[in-house]
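In: What follows is a predicted protein model with its sequence.
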Amino acid sequence: MFKLASSLSVRCVLTGKSCSRSGSVQFHLAGGALCQKSHLVPEMPPCDFKPEEYTGHMQWLWDVDGRRYLDLFAGVATVSVGHCHPKVTAAAEKQLRRLWHTTNIYVHPPLHEYCEKLASYFPDPLKVIYLTNSGSEANDLAMLMARLHTGNFDIITFRGSYHGGSPQTMGLTSNAAYKYPIANGLGCTNTMCPDVFRGPWGGSHCRDSPVQTIRECSCAQGHCMANDQYIGQLKETFDTSVPSRIAAFFAEPIQGVGGAVQYPKTYLKEAYKLVRERGGLCIADEVQTGFGRTGSHFWGFQGHDVIPDMVTMAKGIGNGYPMGAVVTTPEIAASFAKGVHFNTFGGNPVACAIASSVLDTIKEDGAQQISLNVGTYLMTELAKLRDKYEIIGDVRGKGLQIGVEMVKDKASRHPLPPEAMSEIFEDMKDMGVLIGKGGVYGQTFRIKPPMCITMEDADFFLAIFNKSLHNYMERR
Ligand SMILES: Cc1ncc(COP(=O)(O)O)c(C=O)c1O
């Protein structure tokens, strides 16, 4: 649905209040009222929640001026079930009145209950749980455990990945924007990311997504040339850059900060085999892809038909409450048990009560199914925009882990420059939609909303995205 505002009017079409922003911008007031100057602007879906300043409610955020935004970035894929979800908030309030903290020296019911509940979401033998306070801390712990268990030191990750910002995990991370010029990454080697859109190889059947790349494919059915080439690159890394025995291979099921990058369907399965042949552990970083976000499965690794030796998670685990976890096997845990592991806040009662409620809420609200349905719809519709606009190079992802890679033109696949990305991004924000940016060159829009968005929200976003692309093309 669209509203046409008079080109002379700078009044809010619903409330009659004056808009104070300058330039050709539009924004939404608390009730969703739309202020606009001179454009056809899609109307925001209604919301009857009455906000205070700087409030969040489910998929909505309000700024200090009371403007409402559809949040499609969820604090970087972190608000899994919705801002201040009433059930999760109630669970937090209840626990806050009972017990805030003891450390995991004492076994308290929320810790116990949560670990059992989380373990039930994993296949055997992934049944031992360590709780941390963040994703970086979880990955730090996984690095340590892998080195202790294998007696090896070297760890391999993909270029373009983000696995954390601590001095240790900065070595896993392979994106210049997040690297500091200090000694880091001792024992960490980055290998080519099997990116079937931007990488040297890729075609129109490679990935597990409702939308394939625009690249051509001449592979016979059941065979993926791109996969063979990328596996060849991994083998070359083994032959040239690490010792014959390694400690671990870390990979996200879908690269998050890298821009929802997906690999050929069988890549991880083959890579895991090669890593294990060299004594290494396979670690799935599910910080962004876990908790139903990919729609088809609860964990991203399940979509690759593999069982990792360790799974790390954070972000969506607590719907925005600081928390992380490492899940591993009893055998690996036994190697780690030779020393004393202590973490003051890991397993905090309030965090456990919240995380437990998040698991229940995902189930009760059908969040994984929403991810599948709304995410598939979004990607299918975004693919139509890709066909319409020369500057959309690729649409990809699974469920509500979506990337839209922007290019100067489809033939060159050169990244759309940062200024152009910012223009579109800001225009969308001004029209009431928050999305993220990612990719090594900041060239990919990232859509990873709370898993409570509706088809109506999806249509609103699609209309706003179309509008901001149209505006950009007109200005160009
Ligand atoms: C895939 C992945 N792993 C690890 C991390 C680090 O998590 P945290 O910021 O909680 O330390 C992030 C953060 O963005 C991430 O996206």
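Out: Received it, and whenever you're ready, just let me know what you need. Worth saying up front: this structure is predicted, and the values here are computed from it rather than measured. Numbers count the residues shown, from 1 in each chain.
In: Let's check: the centremost residue of this structure is which one?
Out: The structure's the chain has its C-alpha centroid closest to residue 288; by C-alpha atoms, centre = their mean the separation is 3.8 Å.
In: in stretch 72-87, what counts as buried?
Out: Neighbour counts over stretch 72-87 (16 or more other C-beta atoms under 10 Å) mark 72-85, 87 as buried. Any C-beta I mention is one placed from the backbone N, CA and C, and that applies to glycine too.
In: Now narrow the residues you listed to whatever sits close to the ligand.
Out: residue 76 (C-beta under 6 Å from any ligand atom).
In: Mind checking which of the buried residues of stretch 72-87 are in helices?
Out: 74-77, 87 (DSSP state H).
In: Name all residues that make contact with residue 333.
Out: Counting by C-beta atoms under 8 Å, 6 or more residues apart in numbering, residue 333 touches 128, 145.
In: from the chain's centre, how far out does the host helix or strand of it sit?
Out: Using DSSP states H and E, residue 333 sits in helix 330-336. How far helix 330-336 lies from its chain's middle: 29 Å, per C-alpha atoms, centre = their mean, to the nearest Å.
In: Excluding sequence neighbours, find me the nearest residue to the residue in the stretch 251-400 of the chain that the ligand sits nearest to.
Out: Per C-beta to the nearest ligand atom, residue 287 is where the stretch 251-400 of the chain lies closest to the ligand, at 3.5 Å. Residue nearest to residue 287 in three dimensions, not counting chain neighbours: residue 135, with 4.1 Å by C-beta to C-beta, 6 or more residues apart in numbering.
In: Remind me which helix or strand residue 211 belongs to.
Out: Residue-wise, residue 211 maps onto no helix or strand under DSSP H and E.
In: Now do the same contact list for it.
Out: Counting by C-beta under 8 Å, 6+ apart, residue 211 has contacts 379-380, 382-383, 386, 395-396.
In: Residues of the stretch 1-150 of the chain that sit close to the ligand?
Out: So the stretch 1-150 of the chain meets the ligand at 76, 134-136, 139 (C-beta under 6 Å from any ligand atom).
In: and what of the stretch 301-450 of the chain?
Out: Listed as neighbours of the ligand in the stretch 301-450 of the chain under the rule C-beta under 6 Å from any ligand atom: residue 314.
In: Strands along the stretch 301-450 of the chain, start to end?
Out: Applying DSSP state E, counting those that start in this stretch to the stretch 301-450 of the chain gives strands spanning 310-313, 324-328, 392-398, 401-406, 433-434, 436-438, 444-447.
In: And the longest one, what does it pack against?
Out: Counting by 3 or more C-beta pairs under 8 Å, 6 or more residues apart in numbering; DSSP states H and E, the packing neighbours recorded for strand 392-398 are helix 367-388, strand 401-406.
In: Domain boundaries for this protein, per the record?
Out: Annotated domains of the chain cover 2-77+368-475, 86-364 [automatic domain parsing].
In: quick one: average confidence on the shortest one?
Out: This means domain 2-77+368-475. Averaging pLDDT along domain 2-77+368-475 yields 84.
In: Can you show me the helices along the stretch 101-250 of the chain?
Out: Assigned by DSSP state H, counting those that start in this stretch, the helices in the stretch 101-250 of the chain fall at 109-119, 135-150, 225-240.
In: one step back: report the two of the residues of the stretch 1-150 of the chain next to the ligand separated the most.
Out: 76 and 139 (15.5 Å; C-beta to C-beta).
In: C-terminal to the strand or helix carrying residue 270, what's the next element?
Out: Element membership for residue 270 (DSSP H and E) is helix 267-277. As assigned by DSSP H and E, the chain's next helix or strand after helix 267-277 is strand 281-285.
In: Tell me which other helices or strands that following strand touches.
Out: Contact here means 3+ C-beta pairs under 8 Å, 6+ apart; on that basis strand 281-285 packs against helix 135-150, strand 248-251, helix 267-277, strand 310-313.
In: can you list the residues of the stretch 151-300 of the chain near the ligand?
Out: Neighbours of the ligand within the stretch 151-300 of the chain, by C-beta under 6 Å from any ligand atom: 162-164, 252, 256-257, 285, 287-288.
In: what's the helix or strand for the closest residue to residue 53 other than its chain neighbours?
Out: Nearest residue to residue 53, sequence neighbours excluded (C-beta to C-beta, 6+ apart): residue 64, at 5.3 Å. For residue 64, there is no host helix or strand (DSSP H and E).
In: Count the residues that sit near residue 64.
Out: 7 (other C-beta atoms under 10 Å).
In: swap in residue 393?
Out: Residue 393, neighbours per other C-beta under 10 Å, totals 26.
In: Same question for residue 429.
Out: Neighbours of residue 429 (other C-beta under 10 Å): 18.
In: Isn't it up against residue 69?
Out: Yes - under the criterion of C-beta atoms under 8 Å, residue 429 makes contact with residue 69 at 7.2 Å.
In: Okay, buried residues for stretch 114-133 please.
Out: 114-115, 118, 121-122, 126-133.
In: so how far does that stretch reach from one end to the other?
Out: Counting by C-alpha to C-alpha, to the nearest Å, you get 15 Å between the two ends of stretch 114-133.
In: repeat for stretch 325-335
Out: 18 Å.
In: what's the model's confidence in it, averaged?
Out: Mean predicted confidence for stretch 325-335 is 98.
In: tell me which residues in that stretch are buried?
Out: Buried, per 16+ other C-beta under 10 Å, within stretch 325-335: 325-329, 332-333, 335.
In: I'd like these written out as JSON lines, with distance to residue 294 added.
Out: Putting the buried residues of stretch 325-335 into JSON lines (distance: C-beta to C-beta, whole Å) gives the following:
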{"residue": "325", "distance to residue 294": "18"}
{"residue": "326", "distance to residue 294": "20"}
{"residue": "327", "distance to residue 294": "17"}
{"residue": "328", "distance to residue 294": "21"}
{"residue": "329", "distance to residue 294": "23"}
{"residue": "332", "distance to residue 294": "25"}
{"residue": "333", "distance to residue 294": "27"}
{"residue": "335", "distance to residue 294": "30"}
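In: of these, closest to residue 358?
Out: When the buried residues of stretch 325-335 are compared for distance to residue 358 (C-beta to C-beta), residue 325 wins out at 12.0 Å.
In: The closest one bridge partners, please.
Out: residue 131, residue 313 (DSSP bridges).
In: Quick check: it touching residue 128?
Out: No - if you go by C-beta under 8 Å, residue 325 and residue 128 don't touch, sitting 10.6 Å apart.
In: circling back: show only the entries of the residues of the stretch 151-300 of the chain next to the ligand found in strands.
Out: residue 285 (DSSP state E).
In: Any chance of the residues of the stretch 151-300 of the chain next to the ligand in CSV with pLDDT as columns?
Out: Shown next, in CSV, are those (pLDDT from 0 to 100):
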residue, pLDDT
162, 98
163, 98
164, 98
252, 98
256, 97
257, 97
285, 98
287, 98
288, 98
